[in-house]
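Asker: Show me how the following folds:
(chains A and B)
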Amino acid sequence: MSRSTLFAAAVVLAAGTLAATAARADAVVGQPAPAFTLTDSQGKTHSLKDFAGKTVVLEWTNNECPFVKKHYDGKNMQAQQGEAKDDGVVWLVLNSSASGKQGHVTAEQANAIQAKWGARQAAYLFDTPGTVGRAYGAKTTPHMYVIDGQGILRYNGAIDSNPSSDPKDIPGATQYVRAALADLEAGKAVATPTTRPYGCSIKY
Amino acid sequence: MNPPSAPHRPPLARASLAALLGLFTAAAAGPVLATASPEQRTDHLVSRLVAEQEAAVPGRPLRLGLLLEHDPHWHTYWSNPGDSGLPTKVRWTLPAGVTAGEIAWPLPTRFVLGPVVNFGYEGRTLLPVTLEVPAGFAGEALEIEAHASWLVCREECIPGEAHYRLVLPVAASAVPGPWQQVFATADRRQPQPAPATLRARYEVGEREVLLRLAGDLPDGLERWQFFPATPDVVENAVEPEWRREGDGYTLRLARSTYFRQSPARFEVVLRDGERGLAFAATPALAPVASGATAAATGPAPTTLALALVLALLGGLVLNLMPCVFPVLSMKALGAVEAGGDRRALRRHGLWYAAGVVSSFLAMAALLLALRRGGEQLGWGFQLQEPAFVAVIALLLFAMALGFSGLVEFGARFAGLGGRLAAGHGDRAAFFTGVLACVVASPCTAPFMGTALGFALTQPPAAALAVFAALGLGLALPMLALGFVPALARRLPRPGSWMQTFRQLLAFPLYLTVVWLVWVYGEQTSPRGMALLLVALTGLAFALWLWSQATRAAGTSRLATQGAALAVLAASLAAPLAARPPVTAPAAERAGGAYEPWSAQRLAALRAEGRPVLVNMTAAWCITCLANERVALSSPDFAAALAARDVAYLKGDWTRRDPAITAYLEGFGRSGVPLYVLYPARGEPEVLPQILTPDLLRQALSRL
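Answerer: Take a look at the predicted model:
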């Protein structure tokens, strides 16, 4: 019996080690967030590592997507961008729409769109080839990520808990990004680190 | 992939005609009667509500459907929309008494947009829904209103909604209407429930999900398309890797980034053109905690080492459980008789331990083998078999008679008064161990639940190790007597008090028999219970005959012994051979504050946002019964439930119930009791297996 126990224990250990060392395609909560360098709508270049020491929020956008409109028309996204800015959090908006696809805009158009909505992001980044979106496994607009000061991914998922396109559903929903930022600010582990994002597919 | 639409045009024309006729009728008197609502034109979608039959018939189901006609290249979504999108929803406004079921989702189509994969419908699709019209429905017309909302997408997406109104005549009988063909087409695209022989298990690893299918499967199943109906288990974009294995397949799938915990039912649809198969897989592995994702919500990770320690502790505590007590007392008597003979004590302890461990291993091996065969079983499965309960009742009754001194056989059988050092004593000690294992099965000691639940998810070697540790724990006190001289020295001296003590011990045994007879009655019927009581009487008679025979001589002795054996065989045949008549379980006892558990009821209550307490129990589970008495039947408890509007669901596992087994496994358990408290929102909390009023009060106050 003791031999079979030892054997079983060895098998379990070996399997665990194998699983832990295996690579994974998408960005994984608890692991370093994929690095990137992108140009923003002002023509300025940003790298994730420039923001070391600061909490970073990534928001995938498409201004024609009803789910993005829900959160801007409902003033939810801007409000959270503002709170984040006031707390010293870097909020980055990313656009991975391929050229010719819905949501692909010029830098000028991007600035006009965000200004019209009263958005308060730190930068609006273009990922037209979709490389960064694919590296993160971004699927929808909006799709949200939170990265801590050490560059570790702490949240991956939806903006809130109610998958609908109706702004009236915002007040009753749990705002996952806001909650994740509050947890990080309080020095705690993020209580809900992963949720299924909802919205339009990203137009890679 | 576009559904054929041309053949359906004639019904549309007929429908227009019907609508036209309806208009004339309306002009004459009353509301417009029609089998379809007017068409609603919204962005890239034309939709209407249609009825299968010309009229509604009270007491008969009525089929309606939301008929969707998408513009080319546009689609709406399935119940699981995939990586983006939203499922189509229908909200009904119906006359009192009329209820609508869920959408019977047709086979979906897979849409791939780069790394994003969706499941939905294009072209012309009917989403059927069945309405129940009560037999007593009065009125000449049935007025139906429905509000549907959806997301329609090509690459870009547009949310849409529409309102439909339909007034159907009410008649004593009805013939299919102009939409019959549309419903027939929809029926062909319904996934068929998998044959009952299909066994589907899944296990979730660090990165992969393995799905095992076995049973009577269609040929070439590996070419069928895979659709996960339950979201967040597997990655939608990664198609399964099929491998033929034994009498089935193993599908290797990628674990979803958004996986949190293994659902009790992982629902899957397989599609081959217009053919489809729907089934639910149950977890074969306890939810595996992994990295940060599961840390917040997953159950506490159990390792083999921890499971072994818990099993050992659980076995030790089993000694104090009421089901083991009589056997333990008997063992204690044996030890007293051995007195100062330490070698005999040691030898006796080892044989006893061997008996306990080997019978635990045998039981575990049987359990694992049956589970491998796809049986939905957990710990305590032996007691779900009425014949097993009857055998233990007979066995314990015979022992009790022996203790009472009514028959002489008991002494030899149980090893009491036997010569411990002799081979006969060894065998007796071994079988006492077997007996201890058998009578221990109804008791789940603290720590055991976690350990056994974990064991059943492990490879056989590890699972058997956990069961062996459990047996070792149970045997430990007896082993200690042999190996720790200080303990043996504290034993009282043998004497005539032992005779009295032994007779006293008969009474807990009789009570255990009463309890087993009651369990048997719960599993079968009052008639089945009476048969068992007859068998007990027959057994007593046979034993008495046997003891008479020992006093007789020659042929009369042989004849009496023969008669005794005949009576014994006849009395055993009654509860074992004849299938006991079974009556419906008395689950819905009047006045109880609880409802019977079902997965659907639980889901409905959760959807209402009500907190729920789930109690999984069984008549043969003593721990469960103790909890019922101590904590779950007090007025305080009822008041606390009422004060917080907590729904109380009770599941009865006295007999085999695959749904309950699957639910238990969803929490990494293999047996009862299991108490789960669901707050109105958020994650459920698993309560300890031994409840106290205080503990319950605190748990409820956290809601």
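
Asker: Now the stretch 301-450 of chain B against chain A: closest residue?
Answerer: Across the stretch 301-450 of chain B, the shortest distance to chain A (CB to the nearest CB) belongs to residue B:304, at 5.4 Å. No exception for glycine: its C-beta is placed from N, CA and C like everyone else's.

Asker: what's the distance between that residue and residue B:452?
Answerer: According to CB to CB, to the nearest Å, residue B:304 stands 13 Å off from residue B:452.

Asker: neighbour-wise, which of those two wins?
Answerer: Between residue B:304 and residue B:452, counted using other CB atoms under 10 Å in any protein chain shown, residue B:452 has the larger neighbour count: 27 against 23.

Asker: quick one: contacts for the spatially most central residue of chain A?
Answerer: The residue lying closest to the centre of chain A (CA atoms, centre = their mean) is residue A:145, at 2.2 Å. Contact analysis of residue A:145 by CB atoms under 8 Å, 6 or more residues apart in numbering or on different chains lists A:27, A:33, A:57-58, A:136, A:138, A:153, A:155-156.

Asker: Mind doing that once more with 10 Å?
Answerer: Residues counted as contacts of residue A:145 (CB atoms under 10 Å, 6 or more residues apart in numbering or on different chains) are A:27, A:29, A:33-34, A:56-60, A:92, A:94, A:136-138, A:153-157, A:177, A:180, A:197.

Asker: ok so, going back, mutual contacts of residue B:304 and residue B:452, please.
Answerer: With CB under 10 Å, 6+ apart as the test, residue B:304 and residue B:452 both reach B:463, B:466.

Asker: burial measure for the residue in the stretch 551-700 of chain B that chain A sits nearest to, as a count.
Answerer: Proximity of the stretch 551-700 of chain B to chain A (CB to the nearest CB) peaks at residue B:681, 8.3 Å away. By the measure other CB under 10 Å, the count of residues near residue B:681 is 10.

Asker: So what's the predicted local confidence for it?
Answerer: Looking at residue B:681, its pLDDT is 79.

Asker: Surely it touches residue B:606?
Answerer: Yes - Residue B:681 is within contact range of residue B:606, at 9.4 Å (criterion: CB atoms under 10 Å).

Asker: Quick check: phi and psi at the residue in chain A that chain B sits nearest to.
Answerer: Nearest residue of chain A to chain B (CB to the nearest CB) works out as residue A:30 at 3.0 Å. When read as degrees, to the nearest 10, the backbone of residue A:30 gives phi 90, psi -10.

Asker: That one is in contact with residue A:151, isn't it?
Answerer: No - the criterion here is CB under 10 Å, and residue A:30 misses it with residue A:151 at 12.0 Å.

Asker: Give me the next element, helix or strand, following the lowest-mean-pLDDT helix or strand in chain A.
Answerer: Across the helices and strands of chain A, mean confidence by mean pLDDT, DSSP states H and E is lowest for helix A:2-21: a mean of 34. Sequence order places strand A:37-40 as the next helix or strand after helix A:2-21, per DSSP states H and E.

Asker: got the CA coordinates for that following strand in PDB?
Answerer: Provided in PDB are the C-alpha atoms of strand A:37-40 (Å, rounded to 0.1, in the frame of the first residue of the first chain):
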ATOM      1  CA  THR A  37       4.300  49.200 -27.700                       C
ATOM      2  CA  LEU A  38       1.600  51.100 -29.600                       C
ATOM      3  CA  THR A  39       1.000  54.600 -31.000                       C
ATOM      4  CA  ASP A  40      -1.800  56.700 -29.700                       C
END
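
Asker: Which neighbouring elements make contact with it?
Answerer: Helices and strands touching strand A:37-40, by 3 or more CB pairs under 10 Å, 6 or more residues apart in numbering or on different chains; DSSP states H and E, are strand A:45-47, strand A:90-95, helix A:107-117, strand A:123-126, helix A:131-136.

Asker: what comes up buried for the shortest one?
Answerer: What that stands for is strand A:45-47. Using 16 or more other CB atoms under 10 Å in any protein chain shown as the test for burial, strand A:45-47 gives residue A:46.

Asker: Name every sheet partner of that strand and say whether each one runs parallel or antiparallel.
Answerer: The strands beside strand A:45-47 in its sheet (DSSP bridges) come out as strand A:37-40 (antiparallel).

Asker: Find the residue closest to residue B:237 in space, skipping its chain neighbours.
Answerer: Distance criterion CB to CB, 6 or more residues apart in numbering or on different chains; nearest residue to residue B:237, sequence neighbours excluded, is residue B:117 at 4.4 Å.

Asker: who touches the one you found in this structure?
Answerer: Residue B:117 makes contact with A:139, A:201, B:82-84, B:110-111, B:235-239 under the criterion CB under 10 Å, 6+ apart.

Asker: Ok, residue A:157 next?
Answerer: Residue A:157 makes contact with A:29, A:140, A:143-146, A:176-177, A:180, A:192-198, B:257-258, according to CB under 10 Å, 6+ apart.

Asker: In strands, which of the residues you listed fall?
Answerer: Judged by DSSP state E, strands contain the following of these: A:140, A:144-146.

Asker: Need the max-distance pair from those residues.
Answerer: A:140 and A:146 (16.2 Å; CB to CB).

Asker: If any of the contacts of residue B:117 are buried, give me the PyMOL selection for them.
Answerer: Buried members of the contacts of residue B:117, defined by 16+ other CB under 10 Å, are picked up in PyMOL with:
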select buried, (chain A and resi 139+201) or (chain B and resi 82+83+84+110+111+235+236+237+238)
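
Asker: May I see the contacts of residue B:117 organised as TSV, with pLDDT added?
Answerer: Listed next are those as TSV, based on pLDDT from 0 to 100:
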residue	pLDDT
A:139	92
A:201	91
B:82	92
B:83	90
B:84	89
B:110	94
B:111	91
B:235	91
B:236	91
B:237	88
B:238	88
B:239	89
